[in-house]
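# curious how this folds, go ahead:
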Amino acid sequence: MSETFMVTFHWKGDTEELQERYNKVLSHVVDVSPARPIVHLAAPVADGFKVYDVWTSEQVARNMVENPAFQQKLKDFGLGEVELQFTTVHRMGWPISESPMYR
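Here you go, the predicted model:
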């Protein structure tokens with residue numbers, strides 16, 4: 001069984017500008033993606049902007065990140081310089097036995 005895998009994208013710079021670029025590129029990235037992540041989170045951070053994608057396996061994650069069309073879309077929208085972190089996911093979600101889930 002493959003392990004759930006996370007890729008973190010970290011763009012450093014002006015947070016608002018990077019968020020605007022992300023908003024513009026997202027639909028184009030979806031168009032060239034060979035797969036969809038299980039979870040996709042995008043968040044402004046103090047020194048820029050981050051995206052967290054959780055994939056069904058490391059290979060699927062790497063297929064996306066290494067996809068030339070994906071890389072080109074990022075460059076086209078000014079998001080080419082990015083720090084990447086690859087991590088195996090230990091747990092996703094809270095234990096089911098913890099209820100009620102929402103209070």
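# tell me where the model's unsure across the chain.
1-2, 98-103 (pLDDT under 70).
# helices along that one, start to end?
15-32, 58-65, 68-76 (DSSP state H).
# export those helices as JSON lines, with columns for distance to F86 and mean neighbour count.
Where you see a C-beta, it was placed from the backbone N, CA and C, and this is true even at glycine. Formatted as JSON lines, these follow (distance: least, C-beta to C-beta, whole Å; neighbours: other C-beta atoms under 10 Å):
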{"stretch": "helix 15-32", "distance to F86": "18", "mean neighbour count": "15"}
{"stretch": "helix 58-65", "distance to F86": "7", "mean neighbour count": "16"}
{"stretch": "helix 68-76", "distance to F86": "15", "mean neighbour count": "15"}
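# kindly reformat the ones you listed as CSV containing distance to A43.
Rendered in CSV, the data for these read as follows (distance: least, C-beta to C-beta, whole Å):
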stretch, distance to A43
helix 15-32, 9
helix 58-65, 19
helix 68-76, 17
